[in-house]
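**Student:** 3D model of this:
(chains A and B)
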Number of protein chains: 2
Amino acid sequence: MLYGIFSYDTSTPRVGFKHKDYVLDLEVVALLGYFDSLAVDPVVFTKPVLNEFIALGRPTHQAIKQRLRELLDNEASTLADVHDQVFIHASRVRMHLPVRIGDYTDFYAGIHHAEHVGRMFRPTSDPLLPNYKRLPVAYHGRASSIVVSGTPVRRPSGQFLDGDQVTFSPTKALDFELELGLIIGKSSALGEPIFIDKAEEYIFGVTLFNDWSARDIQRWEYQPLGPFLGKNFASSLSAWVLPFDELEPFRVAGMPQEPAPLPYLQSSQPGHFDLDLSVWLQPADGDDVCIARSNARYLYWSFAQMIAHHTINGCNLNIGDVLATGTISGPDPGSYGSLLEISWNGERPLHVSHSVARTFLADGDTVTLRGRGFRHGFLADLGDVTGTIQS
Amino acid sequence: MLYGIFSYDTSTPRVGFKHKDYVLDLEVVALLGYFDSLAVDPVVFTKPVLNEFIALGRPTHQAIKQRLRELLDNEASTLADVHDQVFIHASRVRMHLPVRIGDYTDFYAGIHHAEHVGRMFRPTSDPLLPNYKRLPVAYHGRASSIVVSGTPVRRPSGQFLDGDQVTFSPTKALDFELELGLIIGKSSALGEPIFIDKAEEYIFGVTLFNDWSARDIQRWEYQPLGPFLGKNFASSLSAWVLPFDELEPFRVAGMPQEPAPLPYLQSSQPGHFDLDLSVWLQPADGDDVCIARSNARYLYWSFAQMIAHHTINGCNLNIGDVLATGTISGPDPGSYGSLLEISWNGERPLHVSHSVARTFLADGDTVTLRGRGFRHGFLADLGDVTGTIQS
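**Tutor:** Coordinates of the predicted model:
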């Protein structure tokens, strides 16, 4: 069950539903009368972003999903006559950024990532800062430079320290970050917190998210106000969004939270998800190699906690906003979600193949993030996210 | 010369031009034929934000300005017959947020503010961090919670340290910040830096900007990724925008920049502006008192340097984006642009009147930022920005 925005031939961008090697054109499905029982205006499927579709709300999304299941389970009988009208083969399709993003927030909820970074850059003190287990640390990122999966990423230039010399050059420490991105599904009012037991109602769906980072630029600029040019040159979002209720079979308890968080961050139900995540690196003239396997369970803070915290001061969320989790690393080598960690800040090159080693990304490298749930017989694929580095 | 978005009676929000105690309804002016020589579609004046008007570009804005000057200088002869159709008295008008803001960036370009904060929180080391004079430090802020001048601001609640105890309460350290906000006037492409000598072409206009801050929340949360909930509950923007070319008479050289910045931050012309700025505080049952006088000359980095730096890594800007300067404090007491500095982190209460003292803001306080240029016989008022604290 994945929704996205696609175009084909001379069509305008529109809402599509992924089905095997095809994309189902939902406007055509609606115009042919297959959604007549749902009272959904077909015009929402003709928009170039999912925002209006998202605004229909979860009950309508569930009715559409139910109807699509009926149609697709009996595809031979129900859609055979109109197959060529409603199914567009993936090879003919161009994908677009799925949402109009108002604001983008990036959390730091992957505790192993935070510990690794702390050990690297503050080796003599506690790797986690005192606030880490008290609140989900986050910062605002750049919405305008979020691009859809498949968009090439230019190596940014910038100012950084080379030894103790201030220098200007293309970054020498280009990195990926393995993250999940939540797409906000309901707007909240300025001044009104979203309480934690309502928080998941505000999630439309989940994507993979690559928060590309230039570590040298980031390190020199980030004190005292946080990351800026080391991040805002590009972030990549899946073309396909998995509706949040598809995650239900994969719900699990997170790791114990000690000290107990303040009441506004305490939830009455488990809020973590067992989703396998992986990072794949393909050099320009090499094979696509899996370089990391992680899991969404390694997040310290749940999605609901992130939303409750984000809005506790009255900050408002809007449909289409993106909340990313921060890098999701596991505790062990092989599960690290960034090259910063894999190469331990450049000290230990990663051997991608017998002839290729990396500390950070090289021009021509393609990074792909993949994710899926597989539990109790249920399977759900996240939309993957890929990007190739250009000079 | 100020543009804004207003409505009156049952009208929809639309583009207005401030003239003495009136707002000129530019759609009506256009429909009456007064802009016929300009080839401007009157529909741009009927939009609820300035973005489409801004997109007309500076040559068209200058032609409109020229035409308005002709009409208003000869008001008695040109507009007398239609006065009641085109002029709406300010008392009948409601103002709206002037732009649809894509992204909002807050710089830290006020060097005295940065020095004061450094002296307060890092008393034993150099008040300015090593990167301060090398690059215009900045972070991304929240666009969704930017409100128009006059909107009440709710005191946010949040998590902070009370002594060494983690606590949750309404903030006890609510502050304002005296800033200027630039409204971006031209979009740039992702991956393409804006070079410094072209940078001012990307500014549509200038506003006053109050970056409300909860210092206790900010202090506990901001390591290592910067401000988040301490800022994103609200920021206030002028209702009226001063077009950038109106600043020309006030252009001055900034302070010397030592060490010399890297070439991408070196401009061929002076890029600072002599604009008087002031902060006014009115308690619920008291007079409106000026508590600070500062000047835009106290910015270390110029507007052009901010834009050149922001985009040097290829980050794109869009029409309607807001770039705020950071708090503009002067060197001397009386010129400090935040209560954090005025009360020196709460140690020295400000005596607003004989019966009222403040370390931080109280419920019912109204803060107003005002600004004007006055130089060589030229006068230009910035649109002021005001907000009242609610519990």
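**Student:** just the helices in chain A please.
**Tutor:** Along chain A, counting by DSSP state H, helices occupy A:26-31, A:51-54, A:58-73, A:75-78, A:83-86, A:111-121, A:215-221, A:303-311, A:339-342.
**Student:** helices or strands next to the longest strand seen in chain A in the packing?
**Tutor:** Counting by DSSP state E, the longest strand found in chain A is strand A:366-375. Contacts defined by 3 or more CB pairs under 8 Å, 6 or more residues apart in numbering or on different chains; DSSP states H and E place strand A:366-375 against strand A:203-210, strand A:276-282, strand A:378-381, strand A:385-390. Quick note: C-beta positions are derived from backbone N, CA and C, even for glycine.
**Student:** lowest-confidence stretch among the helices of chain A?
**Tutor:** Lowest mean pLDDT within the helices of chain A: helix A:75-78, at a mean of 76.
**Student:** can I get the CA coordinates of that one in CSV?
**Tutor:** What follows is helix A:75-78, C-alpha atoms only, in CSV (Å, rounded to 0.1, in the frame of the first residue of the first chain):
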residue,chain,number,x,y,z
GLU,A,75,-8.2,-7.8,-10.6
ALA,A,76,-9.0,-10.3,-13.4
SER,A,77,-12.7,-9.9,-13.0
THR,A,78,-12.9,-6.2,-12.0
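**Student:** and the gap between the residue in the stretch 101-250 of chain A that chain B sits nearest to and residue A:99?
**Tutor:** Closest residue of the stretch 101-250 of chain A to chain B, CB to the nearest CB: residue A:226 (2.3 Å). Per CB to CB, to the nearest Å, residue A:226 is found 24 Å from residue A:99.
**Student:** returning to that earlier point: export the helices and strands packed on strand A:366-375 as a markdown table, with columns for mean neighbour count.
**Tutor:** Conversion of those to a markdown table gives the following (neighbours: other CB atoms under 10 Å in any protein chain shown):
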| stretch | mean neighbour count |
| --- | --- |
| strand A:203-210 | 27 |
| strand A:276-282 | 21 |
| strand A:378-381 | 15 |
| strand A:385-390 | 20 |
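**Student:** quick one: which of the ones you listed is nearest residue B:124?
**Tutor:** Across those, residue B:124 has its closest neighbour in strand A:203-210 (40.2 Å, CB to CB).
**Student:** could you give the angle of that closest one to helix A:303-311?
**Tutor:** On the basis of axes from the mean of the first three to the mean of the last three CA atoms, to 10 degrees, strand A:203-210 is oriented at 90 degrees to helix A:303-311.
**Student:** average pLDDT for strand A:203-210?
**Tutor:** 98.
**Student:** so how far is it off the chain centroid?
**Tutor:** From the chain centre to the centre of strand A:203-210 is a distance of 4 Å (CA atoms, centre = their mean, to the nearest Å).
**Student:** tell me what it is packed against?
**Tutor:** strand A:178-184, strand A:235-237, strand A:240-243, strand A:366-375, strand A:385-390.
**Student:** the nearest residue to residue A:300 once chain neighbours are set aside - how many residues pack around it?
**Tutor:** The shortest distance from residue A:300 to any non-neighbouring residue, by CB to CB, 6 or more residues apart in numbering or on different chains, is to residue A:111 (3.9 Å). When counting by other CB atoms under 10 Å in any protein chain shown, one arrives at 22 neighbours for residue A:111.
**Student:** can you name the residues that contact residue A:111?
**Tutor:** A:128, A:132, A:255, A:298, A:299, A:300 (CB atoms under 8 Å, 6 or more residues apart in numbering or on different chains).
**Student:** repeat that for 10 Å
**Tutor:** A:127-128, A:132-133, A:254-255, A:298-301, A:326, A:328-329, A:331 (CB atoms under 10 Å, 6 or more residues apart in numbering or on different chains).
**Student:** now flag whichever of the residues you listed is closest to residue A:343.
**Tutor:** Set against residue A:343, the nearest of those by CB to CB is residue A:329 (13.1 Å).
**Student:** so what pLDDT did the closest one get?
**Tutor:** 98.
**Student:** ok, now residue A:74?
**Tutor:** 84.
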